[in-house]
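1. Starting from these lines, generate the structure:
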Amino acid sequence: MLSSGDMVLSFLADNEQFYKVRVDLRNEERLVGSIFLGKVKRLAKGMDGVFVDIGLKRDAYLPMKAGDSYKVGDKVIVQLIREAEEYKGAKLTDKIKLVGKYLIYFPNGKDLKCSLKLKEEDKNRLSLILSEILQNEGVIVRSTAVKTSAEAIKKELDTLKSLWHEVQKKAKLAKKPKLLLEAPPNYIKLIQEHWYEIEEIVCDDPELWNRIVSFLEDFEPELLGRTVYAKNLSSYAILHNIHHLINRLLSKTVWLKSGGFIVIEETEAFVAIDVNSGDPTGSCHEENALKTNLEAAEEIARQIVLRDLGGIILVDFIDMKKSENKKLVIDKLIECFGDEACYVKVYGFTKLGILEMVRKKTGKSVPRMLSDACPLCSGKGFIKSTPLLWFEISKDINMRMHKKSKLEVNPIRKEEIERILKQAGFTHIVVEPSEDTGIDVYNISNA
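-> Numbers count the residues shown, from 1 in each chain. Predicted structure coming up:
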């Protein structure tokens, strides 16, 4: 874990590669996963839900299930599952989830489920233990439960129940919408998710180190001896080439070993991924396409998890004709997601040959967390071409009837605009660079 100012970067890695990168901003509220007392403000007609005031600037949306009958003014305990976006409010659920080492506890649930990674005999044994003590509540048994005792599982269930009772108690005492239980930071979530395979935790911030140690005292004391505070992690960053990793995360293009590459584009509606081939090595197009697509599928799964991409994801693989080859690519993609496959739903190829999938989305991706909107192009990613900008400027100049004028443009544009003015014979226009002028705009005034 590396910290700098208001940012904390957490990495899950081994000696060969990085598997996850997560970002925490100290000056921002942790909303996803947090539990709130909300008040129903209005019905969302035609959307099968209600808008709920949870104490934030914008009301959040709560979908309604069959049998729900919320009314305006009702108080409800909800959990935020997706952050607000520019044009969308946050999304809520009333199916509260509390995460432990061995169990995921749903106080308002009814189902007893087990991880798909568990063997059938282990599922039966663990289900029997829990079915005897559950009372109108639900759990998902994590794969980590297989190595622990029945007493440890029962103890964790009691702990999660107590936590839920504390939340309910706060809700009863609250007079208005408010935060009841804040979600842990991403560096703690990373430990919660992977505690059973962590060999060492290294941190360069004494405050963060203290928080991690306090958390581990109750959660997993065995990790305390493997939690290290290092005042300067510069050598660690150099050893693992972290600067190179971050630059790759911010790049749209990811190269494959075969010479092919994938291009990743995030939009408001979905993530688009394009696969491009390298040098052909097979005997025909179908063989080359399959080879590149299988390699790309492995890298795509890695990049989706590494960048924490979510929502609708569309992949334009190299075109293949054979259905059995398409199935091989889908199977490879699902296999490469590993434990993350439970958060992914692959729908298959469309008639246009685009692979559709959905991954659970909770908030901004890692590249978005590490980026700001471009102040020059206002976040569009593109700027006006010089001919287009000149087209606009020339209309203004022609309306000034050859009066001596001052034209302010961004310094990046100055040389090119001066050249065009000279070619056009507009010697009465003086170009002045201005850092305050956007790259897509200009200011013209009498000299």
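2. Which residues outside the helix or strand harbouring residue 245 are in contact with it?
-> Assessed by DSSP states H and E, residue 245 sits inside helix 242-250. Residues from elsewhere that reach helix 242-250 (CB atoms under 8 Å, 6 or more residues apart in numbering): 2, 9, 11, 18, 21, 236-237, 254, 306-307, 366-367, 370-371. Quick note: C-beta positions are derived from backbone N, CA and C, even for glycine.
3. try stretch 7-21
-> 1-3, 22-26, 185-187, 190, 194, 205, 208, 240, 242, 245, 249, 302, 305-308, 366.
4. Can you tell me which of those are buried?
-> Among the contacts of stretch 7-21, those scoring as buried are 1-3, 22-24, 185-187, 190, 205, 208, 240, 242, 245, 249, 302, 305-308, 366 (criterion: 16 or more other CB atoms under 10 Å).
5. In strands, which of these fall?
-> Of those, the ones assigned to strands by DSSP state E are 2-3, 22-24.
6. would you list those residues in CSV and tack on distance to residue 393 and pLDDT?
-> Formatted as CSV, these follow (distance: CB to CB, whole Å; pLDDT from 0 to 100):
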residue, distance to residue 393, pLDDT
2, 46, 72
3, 47, 72
22, 46, 91
23, 41, 89
24, 45, 87
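7. Quick check: the farthest pair among these?
-> Spatial extent of these (CB to CB) is set by the pair 3 and 22 at 12.8 Å.
8. Just the buried ones among the contacts of helix 242-250, please.
-> With burial judged by 16+ other CB under 10 Å, the buried subset of the contacts of helix 242-250 is 2, 9, 11, 18, 21, 237, 254, 306-307, 366-367, 370.
9. Let me know the closest of these to residue 75.
-> For the buried ones among the contacts of helix 242-250, the nearest to residue 75 is residue 366 (35.7 Å; CB to CB).
10. Hmm, the closest one is touching residue 308, no?
-> Yes - contact status for residue 366 versus residue 308: in contact at 5.1 Å, counting by CB atoms under 8 Å.
11. shared neighbours, these two?
-> Contacts common to residue 366 and residue 308, judged by CB under 8 Å, 6+ apart, are 21-22.
12. Quick one: find the helix or strand in the chain with the lowest mean pLDDT.
-> Across the helices and strands of the chain, mean pLDDT, DSSP states H and E gives its lowest value to helix 234-239, namely a mean of 68.
13. on that earlier part again, pipe the contacts of helix 242-250 into JSON lines and attach distance to residue 158 per row.
-> As requested, these are exported to JSON lines (distance: CB to CB, whole Å):
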{"residue": "2", "distance to residue 158": "37"}
{"residue": "9", "distance to residue 158": "35"}
{"residue": "11", "distance to residue 158": "34"}
{"residue": "18", "distance to residue 158": "37"}
{"residue": "21", "distance to residue 158": "35"}
{"residue": "236", "distance to residue 158": "39"}
{"residue": "237", "distance to residue 158": "42"}
{"residue": "254", "distance to residue 158": "46"}
{"residue": "306", "distance to residue 158": "36"}
{"residue": "307", "distance to residue 158": "38"}
{"residue": "366", "distance to residue 158": "36"}
{"residue": "367", "distance to residue 158": "41"}
{"residue": "370", "distance to residue 158": "40"}
{"residue": "371", "distance to residue 158": "43"}
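14. How much space separates the spatially most central residue of the chain from residue 250?
-> A centroid search over the chain (CA atoms, centre = their mean) returns residue 365, at 3.0 Å, as the residue closest to the centre. Distance from residue 365 to residue 250, counting by CB to CB, to the nearest Å: 11 Å.
15. secondary structure class for residue 81?
-> strand (DSSP: H, G, I helix; E, B strand; the rest coil).
16. Next up, the contacts around it.
-> By CB under 8 Å, 6+ apart, residue 81 lies in contact with 32-33, 91-93, 362.
17. Tell me the one of those residues nearest residue 102?
-> Taking CB to CB as the measure, residue 102 lies nearest residue 33 of the contacts of residue 81, at 18.6 Å.
18. And for that closest one, the neighbour number?
-> Residue 33 is flanked by 19 other residues according to other CB atoms under 10 Å.
19. Now do the contacts for it.
-> 79-81, 183-184, 189, 362.
20. For it, give me the pLDDT.
-> If you check residue 33, the pLDDT there is 92.
21. Endpoints of stretch 110-128, how far apart?
-> Length of stretch 110-128, first residue to last, CA to CA, to the nearest Å: 15 Å.
22. Could you list the buried residues of it?
-> Using 16+ other CB under 10 Å as the test for burial, stretch 110-128 gives 112, 114-115, 118, 122-123, 126-127.
23. Residue 413: which of these is nearest?
-> Using CB to CB, the buried residues of stretch 110-128 come closest to residue 413 at residue 115, 57.6 Å.
24. how about the closest one, phi and psi?
-> Dihedral pair for residue 115: phi -60, psi 140, per degrees, to the nearest 10.
25. Test my guess that it contacts residue 127.
-> No - judged on CB under 8 Å, residue 115 makes no contact with residue 127 at a distance of 11.7 Å.
26. Quick check: neighbours shared by the two?
-> Joint contacts of residue 115 and residue 127 (CB under 8 Å, 6+ apart) are residue 141.
27. Now residue 302: closest residue in space, sequence neighbours ignored.
-> The shortest distance from residue 302 to any non-neighbouring residue, by CB to CB, 6 or more residues apart in numbering, is to residue 336 (6.9 Å).
28. buried ones in the strand or helix carrying that neighbour?
-> Assigned by DSSP H and E, residue 336 belongs to helix 323-337. For helix 323-337, burial by neighbour count (16+ other CB under 10 Å) applies to 325-326, 328-330, 332-334, 336-337.
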